[in-house]
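Asks: Show me the folded form of this:
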Amino acid sequence: MSPEIEQILRHAQLRVTRPRIAVLNAVHEHPHADTNSIIDAVRQDLGEVSHQAVYDVLQALTGAGLIRKIQPSGSLARYEARVADNHHHIVCRSCGAVADVDCTVGFAPCLTPSEAHGYAIDEAEVIYWGLCPTCSATPAGVLAEAAHTH
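Replies: Residues are numbered from 1 along each chain as shown. Presented below is the predicted three-dimensional model:
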């Protein structure tokens, strides 16, 4: 994917560097990965690289709109390369797994607030919470869900 990644970086007017290529590859290959998982993937690709270097690249890529940072309440920050649409997420209360949820209807934003307060709204962010199929099949997962519904 490296030639495609290089083109993506150039199109965003970012310098093409090995750390940027490695981080963007990691985010593409591991959707919803947290920073430590991305650092591990980058180190497998490049060898030793500092935490700060990866944080700086993540910030630059987010600022350029090439990746999206999501941070569900009580969760670590996670990154994804799916940025060209207005999709949402579902998070497992037990294991923290995250999955994409496409908008159900219409154009972005797919939800219309009862009052916009004069804002020109261009995005809606919704996070659904529950248990993933693996956790909902375990007694501990069922107990975790019950604790959050009462």
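
Asks: wait, what's in contact with Ala12?
Replies: Neighbouring residues of Ala12 by C-beta atoms under 8 Å, 6 or more residues apart in numbering: Ala64, Gly65, Leu66. For glycine as for every other residue, the C-beta is placed from the backbone atoms N, C-alpha and C.

Asks: how much space between the residue lying closest to Pro31 once chain neighbours are set aside and Ser50?
Replies: Among residues not flanking Pro31 along the chain, Glu80 sits closest, at 4.9 Å (C-beta to C-beta, 6 or more residues apart in numbering). Using C-beta to C-beta, to the nearest Å, Glu80 is found at 23 Å from Ser50.

Asks: ok, those two, which is more surrounded?
Replies: Glu80 (19 against 10; other C-beta atoms under 10 Å).

Asks: That one reaches Thr62, doesn't it?
Replies: No: assessed by C-beta atoms under 8 Å, Glu80 is found out of contact with Thr62, at 10.5 Å.

Asks: Show me the common contact partners of those two, please.
Replies: Arg68.

Asks: Show me where this structure has its strands.
Replies: 33-34, 68-70, 78-80, 88-92, 98-101, 127-130 (DSSP state E).

Asks: Can I get these in a markdown table including distance to Val54 and mean pLDDT?
Replies: Shown next, in a markdown table, are these (distance: least, C-beta to C-beta, whole Å; pLDDT from 0 to 100):
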| stretch | distance to Val54 | mean pLDDT |
| --- | --- | --- |
| strand 33-34 | 11 | 96 |
| strand 68-70 | 13 | 94 |
| strand 78-80 | 10 | 96 |
| strand 88-92 | 22 | 91 |
| strand 98-101 | 20 | 92 |
| strand 127-130 | 25 | 90 |
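
Asks: Many thanks, I have nothing further to ask.
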